[in-house]
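**Q** Fold the following and give me the result.
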Amino acid sequence: PVGSYEVTIEKTGFAPYAQGPIVLRLNQDADLRVRLELAGVVERVTVRADAPLINTTDAEVGVNFDTKRISELPLATNRNVLNLALSVAGVSQLQTGQATAPLGGGSVPMAVNGMRVRSNNFTVDGQDSNNSLNTGQLQTINNPDVVAEVRMVTNQFTAQYGGAAGSVVNVITKSGTNQFHGSAFWFQNNNHLNSRSNLDKQLSSSSPFRAENQFGGTLGGPVIHDKTFFFGSIQRWTDRRLGSGVSIRGVPTDEGRSLLRSIAGTRPTVQALLDFLPPAQQAVPGLTAPVQIGGNRFNIPLGLLSGSSNIRFDDWQWSGRVDHRFSDRHSLGFRYLGDDQVNSGDGQVTPPGLSTVISRSAQSLSAFLTSSFSARFFNELRISYRRFANDTDGIDQRAKQIPSIEIPELGLNGAAASPTRTAIGLAIGAPNTNFDNNYQLQDTVSLIRGPHVLKFGIDFRNERISAFNLLRQRGSLVYTTLQDLVNDTANSGTIVSPL
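**A** Below you'll find the predicted structure:
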């Protein structure tokens, strides 16, 4: 386990040898050069030195971030510890053609040594923490005060790793000590600290409203001195901001809506358009859409429609850990991580009422027993359970009453959920719900035989995923022109019947 150690060597005929403190970092094998002196020449040899930081035991290429580096390096405003990886050589945050690849949870998109952003493996305290559906880290940690160390392996992985060709990211959480230690924090971000995007500049003369707060704390210490220790944390994260939407050119004005209602208001497709598309905020002179009914031709006045939404993000993150030492050779630990969040008002903004509500919950529990049976025989047993639940829906439930309707002539485009989508009706991928339960059993044995170190073990996982995706169950329709909509003559249409 990660921590500070002292090595003591005693041999008949030689003076006792002691070296420390030796700080073992994550996945580090300490390589010590020991020289024993004959007894009688000296009574005891004591070396106050750490093990060398240069890895001389294997070809693995990686970077370690200890507590000091984690606390001092910038982590962006969301304080996600994965942002540390962006400072590692060979890591790029964006990869051509993959910038919009959906990753699970709050994972940071990154390509390592030219590999895909999906080619990364994440573990927390040795427990699998990968989103099986979308890849990316599942158990998001936005409180760096919980983390003892992060190690990122970027090349020459050892045999114990697998499942990814880009990188392996290991996160180790803190445990309690014989001294009580804690922290308290409050981070605040608002519109006075942010600049406007190009879209915001078209809508307002000042930065859009934003009020973001992250506050919480940690506490750790002894339960039984030198035996049992605890560590816990809690964080509350809220974000309130104004979301800017795209502008639509071609929306019927109030005059155009009245005319359209008078000539074809009883037709279901026209009713859907009038019910779910508000009038244009600004008329565009000369911009009209021709409609012919019963031999009569009408020109429907069109204009511009823009919008905004109130984005609301609420998140609770907490953790608890208990460690117990039976002796210098055996120790037992339990660790629990929780993250519950709700994000509403994001995604499509224009027309209004089509933004999404995403509820997400991630829980991780792990129990681990480490045993040192001798100076040459070490074993680590770990039993873990992880549960992830995600639900995506629309803010306006009425939007489920109609299919996704696109009318390019009116500027209504896009079927899939996106901030640039302007069609009416809920996007084809919503609503959707998925659950992921992961059961994991790991056992690792390490044997030392002379100059050789043998490591072997098992990693058994039972993962059960239930996904309910009502993709295109309500259908999607594309009407090239307003005339096609009035006649209910779709250029294309798709519907998928539920099983």
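**Q** Which residue is the nearest non-sequential neighbour of G90?
**A** N113 (4.6 Å; Cβ to Cβ, 6 or more residues apart in numbering). In this view, the C-beta of every residue, glycine as well, is placed from N, C-alpha and C.
**Q** Identify the residues contacting that neighbour.
**A** The neighbours of N113, taking Cβ atoms under 8 Å, 6 or more residues apart in numbering as the test, are G90, T154, N155, G166, S167.
**Q** need those in TSV with secondary structure and neighbour count, can you?
**A** Conversion of the contacts of N113 to TSV gives the following (DSSP: H, G, I helix; E, B strand; the rest coil; neighbours: other Cβ atoms under 10 Å):
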residue	secondary structure	neighbour count
G90	coil	16
T154	strand	22
N155	strand	13
G166	coil	22
S167	strand	25
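**Q** G347: which of these is nearest?
**A** The closest of the contacts of N113 to G347 turns out to be G166 (Cβ to Cβ; 28.3 Å).
**Q** Report pLDDT for that closest one.
**A** pLDDT, the model's per-residue confidence, is 86 for G166.
**Q** How about the one 10 residues further on?
**A** In the predicted model, G176 carries a pLDDT score of 93.
**Q** Report the backbone C-alpha coordinates of stretch 452-462 in PDB.
**A** Output for stretch 452-462, consisting of C-alpha atoms alone and laid out as PDB, is shown next (Å, rounded to 0.1, in the frame of the first residue of the first chain):
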ATOM      1  CA  HIS A 452      13.200 -12.100  -9.300                       C
ATOM      2  CA  VAL A 453       9.700 -10.900  -8.400                       C
ATOM      3  CA  LEU A 454       6.700 -12.900  -9.500                       C
ATOM      4  CA  LYS A 455       3.200 -11.400  -9.500                       C
ATOM      5  CA  PHE A 456       0.100 -13.300 -10.500                       C
ATOM      6  CA  GLY A 457      -3.600 -13.300  -9.600                       C
ATOM      7  CA  ILE A 458      -7.200 -13.000 -10.800                       C
ATOM      8  CA  ASP A 459      -9.600 -10.200 -11.700                       C
ATOM      9  CA  PHE A 460     -13.200 -11.600 -12.000                       C
ATOM     10  CA  ARG A 461     -16.000  -9.200 -13.000                       C
ATOM     11  CA  ASN A 462     -19.700  -9.700 -13.400                       C
END
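**Q** can you list the residues that contact it?
**A** Outside stretch 452-462, the residues touching it (Cβ under 8 Å, 6+ apart) are 29, 57, 128, 159-160, 438-448.
**Q** Mind giving me the ChimeraX select for those, buried ones only?
**A** To isolate the buried subset of the contacts of stretch 452-462 in ChimeraX, counting by 16 or more other Cβ atoms under 10 Å, use the following:
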select :128,438,440,442,444,445,446
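**Q** Please flag which of the contacts of stretch 452-462 sit within strands.
**A** Judged by DSSP state E, the subset of those located in strands is D128, N438, Y439, Q440, L441, Q442, D443, T444, V445, S446, L447, I448.
**Q** which residues sit in contact with the first one?
**A** Same thing as D128. F122, S384, R386, N438, Q440, R461.
**Q** What segments of the stretch 201-350 of the chain are helices?
**A** Under the criterion DSSP state H, counting those that start in this stretch, helices of the stretch 201-350 of the chain are mapped to 254-264, 268-276.
**Q** and the ones you listed as a markdown table, adding distance to V322, mean neighbour count and mean pLDDT?
**A** Shown next, in a markdown table, are the helices of the stretch 201-350 of the chain (distance: least, Cβ to Cβ, whole Å; neighbours: other Cβ atoms under 10 Å; pLDDT from 0 to 100):
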| stretch | distance to V322 | mean neighbour count | mean pLDDT |
| --- | --- | --- | --- |
| helix 254-264 | 64 | 17 | 93 |
| helix 268-276 | 54 | 17 | 93 |
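**Q** Switch these over to JSON lines; also include distance to N469.
**A** As requested, these are arranged in JSON lines below (distance: least, Cβ to Cβ, whole Å):
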{"stretch": "helix 254-264", "distance to N469": "35"}
{"stretch": "helix 268-276", "distance to N469": "23"}
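**Q** Give me the neighbour count for I458.
**A** Neighbour count for I458, taken as other Cβ atoms under 10 Å: 9.
**Q** how about the helices of the stretch 201-350 of the chain, which one is nearest A430?
**A** The minimum distance between A430 and these falls on helix 268-276, with 15.0 Å, by Cβ to Cβ.
**Q** which residues sit against the closest one?
**A** Residues from elsewhere that reach helix 268-276 (Cβ under 8 Å, 6+ apart): 257, 260-261, 264-265, 351, 353, 398-399, 402, 405, 407, 424-425, 479, 485-486, 488.
**Q** okay, the contacts of D128 in TSV with pLDDT next?
**A** Compiled in TSV, these are given as follows (pLDDT from 0 to 100):
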residue	pLDDT
F122	91
S384	97
R386	95
N438	95
Q440	97
R461	93
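**Q** Of those, which is the nearest to Q214?
**A** Proximity of the contacts of D128 to Q214 was ranked by Cβ to Cβ; the top entry is F122 with 21.8 Å.
**Q** who does the closest one bridge with?
**A** V169 (DSSP bridges).
**Q** Count the residues that sit near it.
**A** Per other Cβ under 10 Å, the neighbour tally for F122 reads 25.
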